[in-house]
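Engineer: Okay, sequence plus prediction incoming.
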Amino acid sequence: MLLLPVFALLLRALWWRRPYVEHLVFALHAHSVLFMGLAVQFVRWAPFQVLGLLSPVVWFFLAARRFYGNGWPVTVLKVLILGVVDGVIAVLAVFGTVLVALLGT
């Protein structure tokens, strides 16, 4: 949740015509759907686990297409770029947190 404003900044960088607050609200919705999908994966039944994994991804593509109003090729390209950059930032944040925790002890 601490990286949510960073995710909104990434959205702002890719879709720069909207104000930051709109990106922040969209990021809150996206993370809520993601957390619900992750919660569904705790059910020990394979169809629910697949549903919990795939539905947030499908939702995000559809929501980004509708919210930002781009065509499918542009939306897919921007969402893939967003996923890679956000993933790298998340890994760096986890690595930095582990490093600080190890050096602090």
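Structural biologist: Cool, got the structure.

Engineer: Could I get the contacting residues of residue 75?
Structural biologist: 61, 64, 65, 68 (CB atoms under 8 Å, 6 or more residues apart in numbering). All C-beta spots, glycine's among them, are computed from the backbone N, C-alpha and C.

Engineer: Distance check, it against residue 69.
Structural biologist: 9 Å (CB to CB, to the nearest Å).

Engineer: any idea where the helices of the chain begin and end?
Structural biologist: 4-14, 20-40, 46-68, 72-104 (DSSP state H).

Engineer: Which stretch among those helices is buried most, on average?
Structural biologist: helix 4-14 (a mean of 17; mean count of other CB atoms under 10 Å).

Engineer: What mean pLDDT does that one get?
Structural biologist: The average pLDDT for helix 4-14 rounds to 97.

Engineer: for stretch 38-45, same thing?
Structural biologist: Per-residue scores along stretch 38-45 average to 90.

Engineer: Any idea how far apart the tips of that stretch sit?
Structural biologist: 13 Å (CA to CA, to the nearest Å).

Engineer: who's in contact with residue 96?
Structural biologist: Under the criterion of CB under 8 Å, 6+ apart, residue 96 has no contact partners.

Engineer: And it, how far from residue 103?
Structural biologist: 11 Å.

Engineer: Let me know the pLDDT of residue 105.
Structural biologist: Residue 105 is given a pLDDT of 69.

Engineer: start at 54 instead
Structural biologist: Sure, I'll start numbering at 54, so the last one becomes residue 158.

Engineer: Need the pLDDT of residue 112.
Structural biologist: On the pLDDT scale, residue 112 gets 97.

Engineer: quick one: the closest residue in space to it that isn't next to it in sequence and residue 110, what's the gap?
Structural biologist: Leaving aside its chain neighbours, residue 112 sits nearest to residue 86 (5.2 Å; criterion: CB to CB, 6 or more residues apart in numbering). According to CB to CB, residue 86 and residue 110 sit 10 Å apart.

Engineer: now do residue 78
Structural biologist: For residue 78, the distance to residue 110 - CB to CB - is 20 Å.

Engineer: now swap in residue 56 and tell me
Structural biologist: Counting by CB to CB, the gap from residue 56 to residue 110 is 18 Å.
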